[in-house]
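*Asks:* Sharing a model that was predicted from the sequence below.
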Amino acid sequence: MSSDIAISIENISKRYRLGVMGTGTLRDDLSRLWAKMRGREDPTLKIGQENILNDQQIDQKYMWALQNVSFDVHKGEILGIIGKNGAGKSTLLKLLSKVTSPTYGQIKLKGRIASLLEVGTGFHPELTGRENVFLNGAILGMTKAEIKSKFNEIVEFSGIGKYIDTPVKRYSSGMYVRLAFAVAAHLEPEILVVDEVLAVGDVDFQKKALGKMDEVSKKEGRTILFVSHNMTAIQTLCTRAVLLRNGKVVETGKVDNIVHSYLKNETNKKLNVIWSDNEAPGNDFFSLTAARIIAENCDDVITVETPICIEFEFISHIAGNKINLSLHLLNAYGEKIFNVLTPSIELGKGKYYSKCHIPANFLNDGFYTVELMFVKDVSKSLLYIKDVLAFEVNDITRQGLWVSKWEGAVRPKFDFTITDTNT
């Protein structure tokens with residue numbers, strides 16, 4: 001392990017058993033173990049219950065949260081760890097924080113490590129905020145004098161000075177996070193591990209916390225591992241990232257490349273759908289044969305600055321009716337962002353094509369679904385198809401430390417200026 005490496009992770013694997021870990025009593029656990037060693041049936045089984053003591057069945061009771069994970073983290077680096085839910089991110093941080101131990105492999109650390117993995121990490125609920133600051137400092141190996149010298153700074157940063165002598169069991173989750181992060185950031189651990197827990201805090205505190213992490217890394221040379229689903233925060237803070245999928249390292253490298261790979265391949269998108277004649281959604285009036293999202297001037301990673309074209313191909317089975325297409329765009333909560341209509345057109349029998357352009361700098365970042373309605377005489381619905389397409393708009397071009405979601409259903413880029421009238 002070279003001198004500029006703060007963390008070395010070598011072939012780490014972690015296996016968990018699914019379901020109940022034991023019988024509930026030490027005597028029965030020992031009886032089960034003794035029976036297994038002798039090749040006998042599990043003596044704790046109830047009548048009709050299957051014996052699970054053979055190796056093949058036991059293997060089916062386990063799952064690998066991590067498998068053969070290896071990478072190094074340099075001193076003073078802020079490393080982002082990204083991946084879908086269940087990819088193994090939190091398990092990896094728990095291994096680094098020694099909350100649990102690996103099944104195989106080893107982790108080498110240089111320096112003290114502080115972790116912020118969940119609300120109230122390391123706090124005793126019956127102790128006051130003041131007492132927990134000193135308790136956490138002692139756990140990190142700080143002397144009482146060192147903690148006292150940082151105490152006022154910690155309280156000021158947390159913003160909960162009024163409640164510092166109140167038992168933390170009465171704190172809200174946001175207050176927990178404020179104090180826990182303030183302790184972890186100010187008591188000078190060489191390595192700081194931060195999970196998505198910061199999302200619990202309000203917008204102002206998130207901005208403050210991210211600024212502090214940037215400061216302690218660049219000015220004080222501390223190493224930070226940062227797990228987040230907020231790609232703007234990852235890109236703002238980190239210079240390098242690790243992408244996990246199903247407990248394995250898929251890719252490591254420059255943060256922009258890893259974020260791009262994650263957004264392109266890991267999100268649940270439905271950008272291009274083609275149906276056969278037998279499977280096409282429809283009825284006696286119309287059939288939808290194809291639908292697609294085209295991200296103009298990019299390769300399927302849609303950002304807030306990407307113009308979008310939504311295209312449809314359909315077959316009309318009737319003639320002589322004036323028809324509109326009605327496109328509905330819904331957000332992740334099922335709320336309708338807008339509804340846009342085509343002009344009325346009298347259709348004959350046959351194939352038709354339709355498209356809708358959404359300009360750049362209009363949609364906010366988030367996940368969207370598209371619904372399509374065929375409307376007769378701008379009044380009567382002849383066909384309504386839900387979940388036709390799904391796509392995600394990402395905000396990865398913003399600069400500065402404002403990394404929380406931009407407020408509002410849409411975020412148009414209007415002309416909005418300031419004029420100096422002092423001269």
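*Replies:* Good, I have the coordinates.
*Asks:* measure Gly320 to Ile308 for me?
*Replies:* 33 Å (CB to CB, to the nearest Å). Just so you know, the C-beta spots here come from the backbone N, C-alpha and C atoms, and that holds for glycine as well.
*Asks:* Also Glu279?
*Replies:* Counting by CB to CB, the gap from Glu279 to Ile308 is 26 Å.
*Asks:* if we can go back for a sec, of Gly320 and Ile308, give the one with the bigger neighbour count.
*Replies:* Higher neighbour count among Gly320 and Ile308: Ile308, with 19 against 8, using other CB atoms under 10 Å.
*Asks:* What confidence value was assigned to the nearest residue to that one once chain neighbours are set aside?
*Replies:* Leaving aside its sequence neighbours, Ile308 sits nearest to Ile358 (CB to CB, 6 or more residues apart in numbering; 4.3 Å). Model confidence at Ile358, given as pLDDT, is 94.
*Asks:* And Trp275, by the same measure?
*Replies:* According to the prediction, Trp275 has pLDDT 92.
*Asks:* again with Asn132
*Replies:* Confidence score, pLDDT, at Asn132: 90.
*Asks:* what's the answer for the one 4 residues further on, then?
*Replies:* Reported pLDDT at Asn136 in the predicted model: 81.
*Asks:* That one - how many residues pack around it?
*Replies:* Neighbour count for Asn136, taken as other CB under 10 Å: 23.
*Asks:* Relative to Leu329, how far out is it?
*Replies:* Taking CB to CB, one finds Asn136 at 47 Å from Leu329.
*Asks:* Ok, Val375 next?
*Replies:* Applying CB to CB, the value for Val375 to Leu329 is 16 Å.
*Asks:* When those two are compared, which one has more neighbours?
*Replies:* Between Val375 and Leu329, counted using other CB under 10 Å, Leu329 has the larger neighbour count: 22 against 19.
*Asks:* And that one, which helix or strand is it part of?
*Replies:* Taking DSSP states H and E as the criterion, Leu329 maps to strand 321-331.
*Asks:* Assign Phe205 to helix, strand or coil.
*Replies:* Following DSSP: H, G, I helix; E, B strand; the rest coil, Phe205 is assigned to helix.
*Asks:* where exactly do the helices run in the stretch 101-250 of the chain?
*Replies:* Secondary structure of the stretch 101-250 of the chain, counting by DSSP state H, counting those that start in this stretch: helices at 129-139, 144-158, 173-186, 203-218, 231-237.
*Asks:* Could you export those as a markdown table, including distance to Lys264?
*Replies:* Below are the helices of the stretch 101-250 of the chain laid out as a markdown table (distance: least, CB to CB, whole Å):
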| stretch | distance to Lys264 |
| --- | --- |
| helix 129-139 | 40 |
| helix 144-158 | 38 |
| helix 173-186 | 32 |
| helix 203-218 | 25 |
| helix 231-237 | 12 |
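*Asks:* and Gly348, which of these is closest to it?
*Replies:* For Gly348, the closest of those is helix 231-237, at 47.1 Å, according to CB to CB.
*Asks:* Would you report the backbone torsion angles of the nearest residue to Phe374 once chain neighbours are set aside?
*Replies:* Closest residue in space to Phe374, ignoring its immediate chain neighbours: Leu383 at 4.2 Å, by CB to CB, 6+ apart. With angles defined as degrees, to the nearest 10, Leu383 sits at phi -160, psi 130.
*Asks:* which ones are touching Leu383?
*Replies:* 282-283, 285-286, 288, 373-374 (CB atoms under 8 Å, 6 or more residues apart in numbering).
*Asks:* redo that, cut-off 7 Å
*Replies:* Neighbouring residues of Leu383 by CB atoms under 7 Å, 6 or more residues apart in numbering: 282-283, 285-286, 374.
*Asks:* Same question for Arg240.
*Replies:* Going by CB under 7 Å, 6+ apart, Arg240 touches 77, 79, 253-255.
*Asks:* returning to what we had before: since we're on the residue nearest to Ile308, how many residues are nearby?
*Replies:* Close neighbours of Ile358, defined as other CB under 10 Å, add up to 20.
*Asks:* Do I have it right that Ile274 meets Ala290?
*Replies:* Yes: using CB atoms under 7 Å, Ile274 is in contact with Ala290, at 4.7 Å.
*Asks:* These two: which has the busier surroundings?
*Replies:* Using other CB under 10 Å as the criterion, Ile274 and Ala290 rank with Ala290 on top: 14 against 11.
*Asks:* what pLDDT does the more buried one get?
*Replies:* Taking Ala290 on its own, its pLDDT is 95.
*Asks:* repeat for the one 5 residues further on
*Replies:* Confidence at Ala295, expressed as pLDDT, is 87.
*Asks:* Next: Tyr333.
*Replies:* Tyr333 carries a pLDDT value of 68.
*Asks:* For Glu196, give me its contacts.
*Replies:* Contacts for Glu196 (CB under 7 Å, 6+ apart) come out as 227-229.
*Asks:* Nearest to Leu341 among the residues you listed?
*Replies:* Nearest to Leu341 among the contacts of Glu196 is His229, at 35.3 Å by CB to CB.
*Asks:* which residues sit in contact with that closest one?
*Replies:* The contact partners of His229, taken as CB under 7 Å, 6+ apart, are Glu196.
*Asks:* Ok, Tyr16 next?
*Replies:* 62-63, 65.
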